[in-house]
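Trainee: Generate coordinates for the sequence data below:
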Amino acid sequence: MIKLHTTKEKVKDMRKDIENRQNYLGGSDVGAVLGLNMYKSKFTLWSEKVGNVEPEDISDRDSVWFGTQTEAINGKRFSMKTGKKIQRSNYAYGIKEYPFIRTHVDYLVKGESSGLECKFTGMNRFDYENGEVPPAHYAQVQLYMACTGKQNWYLSTIQGNRYHINSIARDDEFIEQMLKEMEDFWNHVQSGEPVEIDGSTSTSNTIASMFPESNEEVEAVNLDAFDGTLVALQELSNQQKNLKELSEKYKNEIKAAMKEAERGESTQFLVNWKTDKRGGRRFTFKEKEV
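Mentor: Below is the predicted model of the structure:
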């Protein structure tokens, strides 16, 4: 079992403490650090922490707003379902060996070494009933266990019109690797050295916001170091062009066979080539249901 010295500090203004998260890594950050956040990349998080971009205000995003508004109801439902009593915590929790980590938990469970995290999500693909939870949420509660010393954490999720409770046990191997990656990330923040750039929409949007306009007075940049990258990019461009032409060839062969017909059918597929409201014909196909 990994040995950590946990810390806790009484927080007078929880909202203000949470809003000051640029100066530390918290539970909502760990998913991005580990590359598990579907909406925020590691590079975007790094850019926010070093001050290159302002963190996006997501407070009005439906899932976030409803999550905040339903947190108390969520906790109440958990207590009703389990019979367990919960309590709010006005402390910020951390780890002495990792002073850049500061977390705030939704609830602690009375009478046992557990906590509770409340979530509100849409009808996503995760099978909560069979123990499948979003990886970012799993990492978040593991961080909470690392910071509080607890051995278990409950994930209480309102998923559309469904409700789920998942019990997640402490995983010290995961925690140890997670803390190493968080420390490496924070070293990049402290040094200002960028983390690896990926191809996510989050990273693309971040770079676009950092450099929204060109400047013709700036001298051309020497990109000799990127020759290999540019060669690979050219190859990908050629492949995309060839694949597009091949795709159109296959479509045209099927269209020529269908002529005026709106519908076609093969052993495995259903094909439509219907006239739309604009007077053109739209080609679609799908595999038959078994």
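
Trainee: how much space between the residue nearest the centre of the chain and residue 194?
Mentor: Central residue check for the chain by CA atoms, centre = their mean: the C-alpha nearest the mean position is that of residue 37, 1.8 Å away. Using CB to CB, to the nearest Å, residue 37 is found at 18 Å from residue 194. For every residue, glycine as well, the C-beta is placed using N, CA and C.

Trainee: With residue 116 instead?
Mentor: 36 Å.

Trainee: Shouldn't residue 167 be within a strand?
Mentor: Yes. When the secondary structure is assigned by DSSP: H, G, I helix; E, B strand; the rest coil, residue 167 falls within a strand.

Trainee: got a pLDDT number for it?
Mentor: pLDDT for residue 167: 97.

Trainee: Show me the domain layout of the chain.
Mentor: Domain assignment for the chain by automatic domain parsing gives 6-209, 243-290.

Trainee: deepest of the ones you listed, which one?
Mentor: domain 6-209 (a mean of 17; mean count of other CB atoms under 10 Å).

Trainee: burial count for residue 2?
Mentor: Residues lying near residue 2 (other CB atoms under 10 Å) number 11.

Trainee: and residue 284, that's in a strand?
Mentor: Yes. Judged by three-state DSSP, residue 284 forms part of a strand.

Trainee: Low-confidence stretches in the stretch 151-290 of the chain?
Mentor: Within the stretch 151-290 of the chain, no range satisfies pLDDT under 70.

Trainee: rerun that using 80 as the cut-off
Mentor: 290 (pLDDT under 80).

Trainee: That one: helices as residue ranges?
Mentor: Along the stretch 151-290 of the chain, counting by DSSP state H, counting those that start in this stretch, helices occupy 172-191, 201-210, 227-258.

Trainee: Format these as JSON lines; extra columns: distance to residue 275.
Mentor: Putting these into JSON lines (distance: least, CB to CB, whole Å) gives the following:
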{"stretch": "helix 172-191", "distance to residue 275": "54"}
{"stretch": "helix 201-210", "distance to residue 275": "34"}
{"stretch": "helix 227-258", "distance to residue 275": "13"}
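
Trainee: can you map out the strands along this protein?
Mentor: Listed in chain order, the strands of the chain (DSSP state E) span 6-10, 86-87, 91-95, 98-103, 107-109, 114-121, 152-159, 162-169, 263-265, 269-275, 281-287.

Trainee: ok, now which ones touch residue 88?
Mentor: Residues near residue 88 by CB atoms under 8 Å, 6 or more residues apart in numbering: 106-107.

Trainee: Could you measure from it over to residue 251?
Mentor: When distance is defined by CB to CB, residue 88 is 59 Å away from residue 251.

Trainee: try residue 85
Mentor: Counting by CB to CB, the gap from residue 85 to residue 251 is 62 Å.

Trainee: Please name whichever of the domains of the chain is nearest to residue 224.
Mentor: Residue 224 sits nearest to domain 6-209 of all these, at 18.5 Å, using CB to CB.

Trainee: for the closest one, the distance to its chain's centre please.
Mentor: 10 Å (CA atoms, centre = their mean, to the nearest Å).
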